[in-house]
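Colleague: The following comprises the amino acid sequence and a computationally predicted model.
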Amino acid sequence: MPELPETETIARDLDRAIAGSRITDVRVRRGDVLREVDARQLRRRVVGSVIDHAWRRAKLIVLDLSSSDRIVVQPRFTGALLIDDGSLPETERRYSTIEFVLDRERSLHYRDIRRLGTVSVMDEQRFARYSGGLGDEPLDPVFTVERLSAILRASRQAVKRVLMDQRRLVGVGNIYANEALWRSGIDPSRPAAALSPAEAARLHAELRGVLTEAVAARGTSFRDYRDASGARGSFAERLQAYGRGGERCQRCGRTLVATHAIDGRSTVFCWQCQR
C-alpha cells in the first residue's frame, strides 16, 4: 500500500503537471471504486472545474477544484494516478477505472488492478470532518518529540501498531514502521507506553528521517507502486529491515527475524540490537 512517501511523490508530481488544467470530461469504467458519489454525480460535480492544487493528507491524494469540491483518492494496494499525454502504455490503460479528461490533450487515469482503492468527491465541510478523524502528520513542524511521546504514553499496544494507527499518526505503514524501529534500535513488540523519553526522541528523529529520505528517493517500489509518470521509486535498495527477514543485520551481523505475531503483518527486526 502506498504510504506517506509514495503519496507525497504522486501529489507533488500532479501539482507540477496538472495544476491549472480544466477537467473537460469523465469516463467511468469501473464504478465500484467510487465513494460518496456515483458516476453521474461525479461527472456533474467535476466537469468544467479547474484543478487548483494537488496535495497529500495522510495516505490520500487530494485534488482541490475551482468549484471548492475536492477529489480524494485513496490508492491502497494497487491504485495509481497516471498522467496520459497519449504515450501511457496499454498495459496501464487496461486497468484504468476512471479517466479524467483534461484540456491540452491529456488525461489523468485512476488505475487500480485489484480495485481496492477509492475515489471520492467531497465538499470542504465533508473533507474537514473526514480529515479531522485522522491523526498527526509526522513531517509537520508541529509534530514534535513531545507530541510523539504523548501518543506513545497513551497506549500499551505494541509500538509498531501505534505507529501504524492512522487515528494517531498518519502516513506510516508497514514499510516505514519497520525501518524507523530498526534505525532507532527499538523492539517493535514493546508496549508504546514503556519507551523512555530518550527512546521516544530517537524514534521521532529516525521516523522523520526515513520518511524524508524516502520522499527524496520518490518512494519504495516492489510491485505496484508507480509515480504519476509511471516510474518506480528507488528507496527499496536502501531498506535495512523490511523485506530482509533471514538476511544479516547491517548493524550487528545477526540474522534478521521475520514474524507475523505483532499485528498480522510481516515485521522484520534484529533480536540482538533492537531492545
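Modeller: Great, that's in hand.

Colleague: Let me see the contact set for Gly243.
Modeller: Phe222, Ala236, Ser266, Val268 (C-beta atoms under 8 Å, 6 or more residues apart in numbering). Heads up, the C-betas are built off the backbone N, CA and C, glycines and all.

Colleague: Greatest separation within the residues you listed: which pair is it?
Modeller: Within the contacts of Gly243, Ala236 and Ser266 form the most distant pair, 14.7 Å apart (C-beta to C-beta).

Colleague: ranges for the strands of the stretch 1-150 of the chain?
Modeller: Using DSSP state E, counting those that start in this stretch, the strands of the stretch 1-150 of the chain run over 23-28, 34-35, 51-57, 60-65, 70-74, 79-84, 96-102, 106-112, 118-122.

Colleague: Give me the three-state assignment for Val268.
Modeller: Assigned by DSSP: H, G, I helix; E, B strand; the rest coil, the conformation of Val268 is strand.

Colleague: what's the weakest-modelled helix or strand in the chain?
Modeller: Lowest on mean pLDDT, DSSP states H and E among the helices and strands of the chain sits helix 90-93, with a mean of 88.

Colleague: Does that helix pack against any helices or strands, and if so which?
Modeller: If you count contacts as 3 or more C-beta pairs under 8 Å, 6 or more residues apart in numbering; DSSP states H and E, helix 90-93 packs onto strand 79-84, strand 106-112.

Colleague: In the chain, where is pLDDT below threshold?
Modeller: 223 (pLDDT under 70).

Colleague: what's the domain layout of it?
Modeller: 4-132, 145-269 (automatic domain parsing).

Colleague: Need those in CSV (columns: distance to Pro138).
Modeller: Shown next, in CSV, are the domains of the chain (distance: least, C-beta to C-beta, whole Å):
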stretch, distance to Pro138
domain 4-132, 7
domain 145-269, 6
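
Colleague: Quick one: closest of those to Leu139.
Modeller: Here domain 145-269 is closest among the domains of the chain (C-beta to C-beta), at 5.9 Å.

Colleague: Select, out of the helices and strands packed on helix 90-93, the one closest to Val26.
Modeller: strand 106-112 (10.0 Å).

Colleague: quick one: contacts of the closest one?
Modeller: 14, 18, 21, 30, 33, 73, 75-76, 78-85, 88, 92-93, 95-102, 117, 119.

Colleague: just to revisit the earlier point, distance between the least confident helix or strand of the chain and the chain's centre?
Modeller: 23 Å (C-alpha atoms, centre = their mean, to the nearest Å).

Colleague: Tell me the buried residues in that helix?
Modeller: Neighbour counts over helix 90-93 (16 or more other C-beta atoms under 10 Å) mark Glu92 as buried.

Colleague: CA atoms only for that helix, dumped as PDB, please.
Modeller: Provided in PDB are the C-alpha atoms of helix 90-93 (Å, rounded to 0.1, in the frame of the first residue of the first chain):
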ATOM      1  CA  GLU A  90      -1.700   0.000 -22.900                       C
ATOM      2  CA  THR A  91      -0.800  -2.300 -20.000                       C
ATOM      3  CA  GLU A  92      -1.500   0.600 -17.700                       C
ATOM      4  CA  ARG A  93      -4.500   1.900 -19.600                       C
END
